[in-house]
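> Need coordinates for the following:
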Amino acid sequence: MTSSLAFCVLVLSATTLALDNGLMRMPPMGWLAWERFRCDIDCKNDSKNCISENLFKDMADRLSEDGWRELGYIYVNIDDCWSSMQRDSQGRLQADPDRFPGGIQNLARYMHDRGLKLGIYGDLGTHTCGGYPGTTLDKIETDAKTFAEWGVDMLKLDGCYSNATEQEKGYPLMSQALNATGRPIGYSCSWPAYQGGLPPSINYTVLGQICNLWRNYGDIQDSWDSVLNIVDWFMTNQDVLQPAAGPGRWNDPDMLIIGNFGLSVDQSRSQMALWAIMAAPLFMSTDLRTLSSEARAILQNKAVISINQDPLGIQGRRLLKEKSGIEVFWRPLLQSASALVFFSRRTDMPYRYTTTLASLNYTAGTYKVYDVFSGQVMKNLSDTTAFTVSINPSGVVMWYISPSENESRHPEEEAGEYPHFRRKYRVSSLRQHTENFPPHIML
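The predicted model follows:
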């Protein structure tokens with residue numbers, strides 16, 4: 001089975017540079033308004049769901065009171081349609097006074113008082129996608145200073161109503177302007193999504209020096225087809241996209257739509273698992289006030305979050321695409337561990353998939369397996385022992401795997417190799433990336 005696999009070297013070269021702001025060394029996590037609430041500004045008839053100060057305070061309360069913050073969900077991100085239709089007399093952006101009577105600065109303070117961070121939306125163009133004032137090239141420095149003065153912690157810069165030349169100039173200029181404010185502001189760029197997401201239009205080495213994360217592809221919609229389209233694009237282009245990701249620089253397949261209307265429980269688990277394998281930012285876009293217990297359990301799964309937040313920051317990849325409709329994904333983790341996802345594209349019945357770890361390119365030895373959704377543990381699984389997983393239609397089985405003989409890091413890993421995978425995946429200078437990381441959630 002393995003002879004036809006197109007494995008490639010995972011390279012995180014010591015010479016690869018990331019945006020020099022020290023932020024987002026692990027994929028950022030939080031809540032984002034867009035997919036669930038869009039541009040609802042009708043506060044008179046829909047005061048609970050309109051894009052207003054109250055909505056973001058409600059979400060902040062839920063993150064801080066319902067256990068989300070402790071799991072890493074710390075950003076509350078405003079998207080489009082927050083601003084007034086006109087800049088103020090000094091040419092500065094301003095919030096719509098009817099929907100944000102306290103202003104963005106007071107909203108940021110509300111977040112900070114609860115141990116959270118505030119993200120905001122801008123657009124490198126004459127207008128935002130929703131028709132509100134954009135950030136033209138001459139306004140970049142002004143807007144960066146405004147966001148910093150307000151206490152904003154993250155900027156998502158969209159690309160509507162701009163051209164390729166303006167984007168090539170503007171995205172780096174905004175990075176410089178944000179850094180020049182002296183305030184640590186994470187920077188999310190939509191540049192790749194507007195230029196096809198692939199070389200030669202996009203130089204990911206350069207992008208990693210400018211942005212903390214970037215949207216590569218189209219917006220997610222509240223449907224399973226949308227999730228599949230995104231996964232297909234990312235995996236078809238994984239040889240280009242995977243090396244671009246790492247601590248401080250992330251590919252962003254867009255929001256988690258778990259808890260909305262378009263996904264079943266199995267499909268929700270699949271999105272969560274695949275986003276974790278891809279080392280994707282985890283921005284929920286759902287109504288946390290009315291979230292079901294099933295959706296909450298998936299989004300708060302500590303084991304999946306731990307895999308997503310692994311400090312090595314190596315994006316996983318698809319290993320196999322079987323004729324049966326089963327796909328296998330793999331991601332290397334700290335302490336010689338790894339994550340496997342068995343994903344079913346079938347729509348009929350649960351499928352029993354049989355394989356061995358050796359067939360998936362693991363080296364000889366015994367392993368401890370933890371099923372992150374069922375909680376079941378399998379000890380001393382030999383690489384040559386056949387096992388069978390039952391995968392529901394459009395569902396996943398996700399495993400956290402560690403060597404049985406030694407739970408700590410191996411000497412070989414200190415040198416930058418993964419001894420328990422047959423192909424040696426070189427990861428240069430890991431220690432410089434991980435020494436100062438805060439503890440992540442342990443299994």
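> Quick check, pLDDT for the residue positioned nearest the centre of the chain.
Nearest to the geometric centre of the chain sits residue 281, at 1.5 Å (C-alpha atoms, centre = their mean). At residue 281, the model reports a pLDDT of 98.
> list the buried ones in stretch 177-185?
Buried residues in stretch 177-185, counted by 16 or more other C-beta atoms under 10 Å: 177, 178, 179, 181, 183, 185. No exception for glycine: its C-beta is placed from N, CA and C like everyone else's.
> Adding pLDDT and distance to residue 311, write the residues you listed out as CSV.
Output for these, formatted as CSV (pLDDT from 0 to 100; distance: C-beta to C-beta, whole Å):
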residue, pLDDT, distance to residue 311
177, 98, 29
178, 98, 24
179, 97, 23
181, 97, 27
183, 98, 25
185, 98, 22
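> Which of those fall within helices?
Mapping the buried residues of stretch 177-185 onto helices (DSSP state H) picks out 177, 178, 179.
> Now that the second one has come up, it's in contact with residue 187, right?
Yes - the pair residue 178 / residue 187 is scored as a contact, 5.8 Å apart, by C-beta atoms under 8 Å.
> coming back round to it: list the residues that contact the residue nearest to the centre of the chain.
27, 28, 29, 213, 250, 252 (C-beta atoms under 8 Å, 6 or more residues apart in numbering).
> can you redo those as CSV with pLDDT, neighbour count and distance to residue 106?
Below are the contacts of residue 281 laid out as CSV (pLDDT from 0 to 100; neighbours: other C-beta atoms under 10 Å; distance: C-beta to C-beta, whole Å):
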residue, pLDDT, neighbour count, distance to residue 106
27, 98, 27, 29
28, 98, 27, 23
29, 98, 23, 24
213, 98, 26, 27
250, 98, 26, 30
252, 98, 26, 29
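> Can you pull the residues that touch both of residue 178 and residue 187?
With C-beta under 8 Å, 6+ apart as the test, residue 178 and residue 187 both reach 21, 155.
> pLDDT wise, what is the most far-flung residue of the chain relative to its centre at?
Most distant residue from the mean C-alpha position of the chain: residue 89, 37.6 Å away (C-alpha atoms, centre = their mean). Per-residue confidence (pLDDT) for residue 89: 97.
> cool, and residue 19?
Note on residue 19: pLDDT of 74.
> what's the closest of the ones in helices among the buried residues of stretch 177-185 to residue 109?
residue 178 (19.9 Å; C-beta to C-beta).
> can you give me the helices for the stretch 51-200 of the chain?
When secondary structure is read from DSSP state H, counting those that start in this stretch, the stretch 51-200 of the chain shows helices at 53-65, 68-71, 103-113, 140-150, 164-180, 191-194.
> For the third one, buried residues please.
In other words, helix 103-113. For helix 103-113, burial by neighbour count (16+ other C-beta under 10 Å) applies to 104, 107, 108, 110, 111.
> All set now, cheers.
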